[in-house]
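**Q** Here you go, sequence then predicted model.
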Amino acid sequence: MKKVLFLLICIQFSISSKAQKAREKIIKSEVKSAVIFLENAQVNREETVFLSKGENILKFTNLSPFVDSKSIQVRAKDIEIQAINFQKDYLKQIKKNPELQKLKTQLSLIVNNINSKNVDLEIVKEEVLFLKSNKSIGGNQTLTATTFKEAANYYGSKIKTLKTTEFKLKNEIRTLNLQASKIEKQINDFTSNKNFGSGEITIRLKSEQTKNTKFILSYNVDNVGWYPSYDVRVKDINSPLELVYKANLYQNSKVDWTNVKLSFSSGNPSKSNKVKEVIPYFINYGTNPPNYKNNINKVTGIVSSSGEPLPGATITIKGTTIGTTTDFDGKFSLEIPDTNSTLLINYLGFKSKEMSVNSNYINVNLEEDSNQLDEIVVVGYGTKRKGSSKNKRNIGTALTGRAAGISIRGASSIKEEKVSIINTKQVINQTTVNFEVVKPYSIKTSNKNFSIPMRIFDIASNYQYYSFPKAEQSAFLVAKITDWEKFNLLEAEANIYFEDTFVGTTLIDTRIAKKELEISLGIDKNVTISRTKEKDFTTRQFIGNKKEESRVWNYSVKNNKNEAINIIVLDQIPISMSETIKIELDTDITKGKLNTKSGEIRWNINLPSKEVKNFKLKYAVKHPKNYVINLD
């Protein structure tokens, strides 16, 4: 009996010992650093934990619910990691934003006030109804003029008081409803109504000894990212171009970042100011001249769900770094490249959507994504560090440092500068470039977009005027940057400021740049240009079975500026697609340079201040007279 009792005690002690070894420890850590990619971010947490000899279970809590489970990495010395699990705890609400709680408290007080006012209003209505139903004078009393007057006065006075009170209550309720509506919009701007839960990473490990161990936990998190944009400022055509490089950050991971070391990485797990380009003018029987008026240069619209606008939704051009976010009313505006483009729309809690750009105005309706509420569990693996294969898009690199013709200024060297930049250090990696923010930065989770100016560059540029009056009778000023490859620019929208005036937006698109990177600075109203058809020389002649049609176009360019300019004027002649159609350019009248492959005509004109230049384009088309040719 004693042996059996001793055996039971040993078994119980063994079970108790094992349970003690594997006792779970709750770890509350803080985000120490984050590398923000174009579409997500790698978050790093650090914490020193006391480990017992043998098996330990550590649970890191209060994490983002949007952790990419495949990206989890754990680094610690002299430990054996046996398993790693990620899951969501829906019973534990993520810590609420204090400002959000304040708004909800205000909304609750207003709703209570509205309910109280509605009760008062119903009482007043009941009193009015009661008074109206009992306004007749009856009974055994003798009705005299005095009695009738007193009754009428009482009724009139009482009705007036009640109606005045009713009117006042309705106005107060209307005002309170407007206040409630505004607060509800602000609350929706902070977060959706979904409970996304709280992320938890559980680590089962084995330690050879009892000790304090520093753990570095890193993982990728969604609903965080950035896209570049620029401010381009040119004082005049004799000054260098100033380029302000900005990072547009969105952080809606449901976890606030406080004093976090940030790094922006180029890697990634109205009227347009773009100069028109010549489209080859192929001519054949039944063909039409190229159309330059239907090109989509900018798209605007509203992102919503079930009729409700979605502020803070992210809209990007698929396969590029060109992007923007919706405003408080769900509205957006985005410059579109000349190539076929597809919009990619993302919003927390909703299914991503792709839409081809086939109109200047696009409304987007997003559907809620119920899958984002599902629990994700991953069974652990060893401590081998994962590579960079998680980056789903590799979009080139960001701005490099010093290069020929470019200088970088810190915040302290800027005089009379309205833009305040953060201090960043550039780190060039094998495949990416990172901008590391020198001082810790705090960003609260929300649907808001943060625009962070990081660097200002002074770039020596050449300025050239262009005009393609067949498409638009305006003169565009273009800044031409040589050796632009050394700058490693990302394609993005740019706000243009010329002569201290905002002139609109354009695209800096390095994907289509060649020897020089051209940045359109918009239309210069001080250079006027016209293109008119000369009717006296627009003729048709019949020679045998042939028909000849000629066109003459007159151009006039005037420089109203105080300095001389150089302007390139473009036009075109048709390109024959049939041996029976002959195109003849009158070079005696047309002094421009012809590109025989594209049909482009180019005039390079040096125009002094206040002077006018007039010139012509003349060409003829010969073809069989029984066929129809459409000429512009």
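**A** That came in fine, so what should we check first? Numbering: from 1, shown residues only.
**Q** Scan the helices and strands of the protein for the one with the lowest mean pLDDT.
**A** Ranked by mean pLDDT, DSSP states H and E, the weakest helix or strand in the chain is strand 393-394, scoring a mean of 30.
**Q** what about T314, how many neighbours?
**A** Applying other Cβ atoms under 10 Å, we find 25 residues neighbouring T314. From N, CA and C alone the C-beta is placed, and that goes for glycine too.
**Q** For the closest residue to it other than its chain neighbours, which residues are in contact?
**A** Excluding its sequence neighbours, the residue lying closest to T314 (Cβ to Cβ, 6 or more residues apart in numbering) is N346, at 4.7 Å. Contacts for N346 were tallied using Cβ atoms under 8 Å, 6 or more residues apart in numbering; they are 313-314, 316, 352.
**Q** again, only this time at 10 Å
**A** The contact partners of N346, taken as Cβ atoms under 10 Å, 6 or more residues apart in numbering, are 39, 222-223, 225, 250, 303, 313-316, 323, 325, 352-353, 366.
**Q** need the contact list for the closest residue to K214 other than its chain neighbours.
**A** Excluding its sequence neighbours, the residue lying closest to K214 (Cβ to Cβ, 6+ apart) is T48, at 4.9 Å. Residues near T48 by Cβ under 10 Å, 6+ apart: 27, 29, 76, 212-215.
**Q** go with 8 Å
**A** T48 makes contact with 212-215, according to Cβ under 8 Å, 6+ apart.
**Q** Format those residues as JSON lines; extra columns: secondary structure.
**A** Below are these laid out as JSON lines (DSSP: H, G, I helix; E, B strand; the rest coil):
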{"residue": "N212", "secondary structure": "strand"}
{"residue": "T213", "secondary structure": "strand"}
{"residue": "K214", "secondary structure": "strand"}
{"residue": "F215", "secondary structure": "strand"}
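**Q** ok, the nearest residue to N223 once chain neighbours are set aside - contacts?
**A** Leaving aside its chain neighbours, N223 sits nearest to N252 (4.5 Å; criterion: Cβ to Cβ, 6+ apart). Shown in contact with N252 (Cβ under 8 Å, 6+ apart): 223-224, 312, 348, 445-447.
**Q** Against D327, how distant is N252?
**A** 16 Å (Cβ to Cβ, to the nearest Å).
**Q** Kindly report the same for T61.
**A** Separation of T61 from D327 (Cβ to Cβ): 35 Å.
**Q** Hmm, L366 is touching P309, no?
**A** No: L366 lies out of contact with P309 (Cβ atoms under 8 Å); the separation is 10.9 Å.
**Q** Return every residue with contacts to both of those two.
**A** Taking Cβ under 8 Å, 6+ apart as the criterion, L366 and P309 both touch V303.
**Q** Model confidence score at the residue nearest to N223, please.
**A** N252 carries a pLDDT value of 89.
**Q** same question, T432
**A** pLDDT, T432: 70.
**Q** That one - nearest residue in space that isn't next to it in sequence?
**A** Nearest to T432 is G267, by Cβ to Cβ, 6+ apart, at 3.8 Å.
**Q** swap in N62?
**A** N62 sits nearest to S198 (Cβ to Cβ, 6+ apart), 5.9 Å away.
**Q** Also F196?
**A** Here the residue nearest F196, using Cβ to Cβ, 6+ apart, is P65, at 4.2 Å.
**Q** Could you say which helix or strand holds the one you found?
**A** Here P65 is covered by no helix or strand, with elements defined by DSSP states H and E.
**Q** Next: N177.
**A** Going by DSSP H and E, N177 is in helix 145-190.
**Q** tell me the average confidence for the helix or strand hosting K70?
**A** Element membership for K70 (DSSP H and E) is strand 67-75. Averaging pLDDT along strand 67-75 gives 89.
**Q** which other helices and strands contact that strand?
**A** strand 79-89, strand 198-207, strand 211-221 (3 or more Cβ pairs under 8 Å, 6 or more residues apart in numbering; DSSP states H and E).
**Q** can you tell which of the ones you listed is closest to K70?
**A** strand 211-221 (8.3 Å; Cβ to Cβ).
**Q** For the helix or strand just after the closest one, list every residue counted as buried.
**A** Toward the C-terminal end, the helix or strand that comes next after strand 211-221 (DSSP H and E) is strand 224-234. Neighbour-count burial for strand 224-234 flags 224-234 (criterion: 16 or more other Cβ atoms under 10 Å).
**Q** Turn those residues into a markdown table, columns for distance to F487 and pLDDT.
**A** Shown next, in a markdown table, are the buried residues of strand 224-234 (distance: Cβ to Cβ, whole Å; pLDDT from 0 to 100):
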| residue | distance to F487 | pLDDT |
| --- | --- | --- |
| V224 | 26 | 91 |
| G225 | 22 | 90 |
| W226 | 19 | 91 |
| Y227 | 18 | 89 |
| P228 | 12 | 90 |
| S229 | 16 | 91 |
| Y230 | 11 | 91 |
| D231 | 16 | 92 |
| V232 | 13 | 91 |
| R233 | 17 | 92 |
| V234 | 17 | 90 |
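**Q** Dump the contacts of N252 to a markdown table, plus distance to L489 and secondary structure.
**A** As requested, these are exported to a markdown table (distance: Cβ to Cβ, whole Å; DSSP: H, G, I helix; E, B strand; the rest coil):
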| residue | distance to L489 | secondary structure |
| --- | --- | --- |
| N223 | 27 | coil |
| V224 | 23 | strand |
| G312 | 26 | coil |
| L348 | 30 | coil |
| T445 | 30 | coil |
| S446 | 29 | coil |
| N447 | 28 | coil |
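**Q** need the contact list for the nearest residue to E368 once chain neighbours are set aside.
**A** Spatial nearest neighbour of E368, excluding adjacent residues (Cβ to Cβ, 6+ apart): F350 at 5.7 Å. Residues near F350 by Cβ under 8 Å, 6+ apart: 305, 310, 366-369.
**Q** Is it correct that E122 falls within a strand?
**A** No: counting by three-state DSSP, E122 is not part of a strand but helix.
**Q** which among the contacts of F350 end up buried?
**A** Buried among these by 16+ other Cβ under 10 Å: 305, 310, 366.
**Q** Name the residues of stretch 58-66 that are buried.
**A** For stretch 58-66, by 16+ other Cβ under 10 Å, it's 58-60, 62-66.
**Q** rewinding a little: in a markdown table, list the buried residues of strand 224-234 along with distance to G54.
**A** Output for the buried residues of strand 224-234, formatted as a markdown table (distance: Cβ to Cβ, whole Å):
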| residue | distance to G54 |
| --- | --- |
| V224 | 37 |
| G225 | 42 |
| W226 | 44 |
| Y227 | 48 |
| P228 | 50 |
| S229 | 54 |
| Y230 | 57 |
| D231 | 59 |
| V232 | 62 |
| R233 | 64 |
| V234 | 68 |
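**Q** Just the buried residues from the contacts of T48, in PyMOL please.
**A** The PyMOL selection below is limited to those of the contacts of T48 classed as buried (16+ other Cβ under 10 Å):
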select buried, resi 213+215
